[in-house]
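Participant: I'd like to go over a predicted model; first the sequence, then the structure.
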Amino acid sequence: MVLELKIAHLYPDLLNIYGDRGNVLALYQRCQWRGIQVSVTALDLGEKVDPDVYDLYFMGGGQDAQQVLVCDDLHQTKATGLREAVKNEAVFLTICGGYQLLGHYYKPMQGRELKGLSLIDAYTVAGEKRLIGNIVIQRDDSTVVGFENHSGLTHLGEGVRPLGRVITGCGNNNDDKTEGVHSGTLYGTYMHGSLLPKNPKLTDELIEQALRRRYGEISLTPLDDTLEQSAHERAVALSS
Ligand code: GLN
């Protein structure tokens, strides 16, 4: 049986900073190497979401001005489809500006409050200074590495699980040591970089979860990750 994975890339032109598109390339390539049929569809402003089609949604980061356009479009054209997709257990990977819009709201330093999708119990308020630099987090028995650049400070609701605990860097709010969110099939993080090429374990977790929706429990063929792993370890070493 040939497995198939359908990826929806939300707002690829508006939300694509610090190489965020590389995350889609990493997902795509790791599927290809295993003979999984993979497709990527861009969903731009004005385009509706068919919740039955896609297994994995990706939304990258962007500046406040782009977030305003995206926020309006999310509520006008995509919210119903995306809510349904979450019920269908599609996987969501959201980065920085995209992550902020998964919560209840993002309050920028200037301008109106941006209403989020409330798919996770979290809110974000812009802080006085930008949090910029390399970041390493502990996630169960492994590390995840990336680069952050945000002023928004995100606070997770009571009992909401972060993606990991900050070892080096600032994470969600530069205070409680949480970074990102992982709630069911929803993932959010401040880690750019791009994140996935140097975190192959996390990439495969996302692919497995996304395939599970259609095919049940799947165990992916291992790949030779020597190069990816050495990039990962170098990033950990540079940050300590
Ligand atoms: N505008 C947001 C912030 O600065 C998101 C930035 C980003 O996506 N890198 O907090």
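Facilitator: Good, I have the coordinates.

Participant: what about the residue lying closest to residue 192 once chain neighbours are set aside, distance to residue 153?
Facilitator: Nearest residue to residue 192, sequence neighbours excluded (Cβ to Cβ, 6 or more residues apart in numbering): residue 18, at 3.6 Å. Where you see a C-beta, it was placed from the backbone N, CA and C, and this is true even at glycine. Applying Cβ to Cβ, to the nearest Å, the value for residue 18 to residue 153 is 19 Å.

Participant: How about residue 11?
Facilitator: For residue 11, the distance to residue 153 - Cβ to Cβ - is 23 Å.

Participant: between the two, who's got more neighbours?
Facilitator: Higher neighbour count among residue 11 and residue 153: residue 11, with 25 against 19, using other Cβ atoms under 10 Å.

Participant: if I look at residue 203, how far off is residue 197?
Facilitator: 8 Å.

Participant: What of residue 64?
Facilitator: 27 Å.

Participant: Repeat that for residue 100.
Facilitator: 23 Å.

Participant: and if you look at residue 157?
Facilitator: 31 Å.

Participant: who's more crowded, these two?
Facilitator: Set residue 157 next to residue 197 and count neighbours by other Cβ under 10 Å: residue 197 wins out with 19 against 13.

Participant: packing partners for the strand of greatest length in the chain?
Facilitator: Counting by DSSP state E, the longest strand found in the chain is strand 122-139. With contacts defined as 3 or more Cβ pairs under 8 Å, 6 or more residues apart in numbering; DSSP states H and E, the packing partners of strand 122-139 are strand 105-107, strand 142-156, strand 164-168, helix 226-239.

Participant: Pairing partners for residue 152 in the sheet, please.
Facilitator: Using DSSP bridges, the bridge partners assigned to residue 152 are residue 126.

Participant: ok and the longest helix anywhere in the chain relative to strand 122-139, angle-wise?
Facilitator: Longest helix of the chain, by residue count under DSSP state H: helix 200-215. Relative orientation of helix 200-215 versus strand 122-139 (axes from the mean of the first three to the mean of the last three Cα atoms, to 10 degrees): 120 degrees.

Participant: Great, nothing more from me.
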